[in-house]
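Peer 1: model this:
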Amino acid sequence: MQDLKLTAVFLKVPEGYVAFVEELPGANTQGATLDEARTNLQEAVALTLEANREVAGAFPRT
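Peer 2: Now for the predicted structure:
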């Protein structure tokens with residue numbers, strides 16, 4: 001399996017940073033610092049992928 005490469009976007013806002021992944025709807029977060037936003041985004045990606053796998057597993061395969 002190839003490594004999964006995603007596009008992380010970090011935007012500076014007055015409160016700190018917002019972050020999201022372009023290719024993965026639902027993977028978004030924020031942080032007071034860029035490092036915090038990066039860490040939070042890694043967790044958001046992992047949780048979003050886990051949730052998507054659970055939903056996909058709920059459907060019978062044909």
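Peer 1: any idea of the mean pLDDT in stretch 34-51?
Peer 2: For stretch 34-51, mean pLDDT rounds to 96.
Peer 1: buried ones in that stretch?
Peer 2: With burial defined by 16 or more other CB atoms under 10 Å, the residues of stretch 34-51 counted as buried are A37, N40, L41, A44, V45, T48. Backbone N, C-alpha and C define where each C-beta goes, glycine included.
Peer 1: Format those as TSV; extra columns: distance to G57 and secondary structure.
Peer 2: Compiled in TSV, the buried residues of stretch 34-51 are given as follows (distance: CB to CB, whole Å; DSSP: H, G, I helix; E, B strand; the rest coil):
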residue	distance to G57	secondary structure
A37	30	helix
N40	26	helix
L41	24	helix
A44	20	helix
V45	19	helix
T48	15	helix
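Peer 1: Next, give me the two most distant ones among the residues you listed.
Peer 2: Maximum pairwise distance in the buried residues of stretch 34-51, criterion CB to CB, is 15.6 Å, between A37 and T48.
Peer 1: for L41, what are its contacts?
Peer 2: A8, F10, A19, F20, V21, A27, N28, T29 (CB atoms under 8 Å, 6 or more residues apart in numbering).
Peer 1: cutoff 6 Å now
Peer 2: In this structure, L41 makes contact with A8, A19, T29, judged by CB atoms under 6 Å, 6 or more residues apart in numbering.
Peer 1: quick one, what contacts the last one?
Peer 2: Shown here is T29, whose contacts under the criterion CB under 6 Å, 6+ apart are A19, N40, L41, A44.
Peer 1: Kindly confirm my reading that T39 forms part of a helix.
Peer 2: Yes - assessed by DSSP: H, G, I helix; E, B strand; the rest coil, T39 belongs to a helix.
Peer 1: List the contacts of it.
Peer 2: T39 neighbours (CB under 6 Å, 6+ apart): none.
Peer 1: Good, we can wrap up now.
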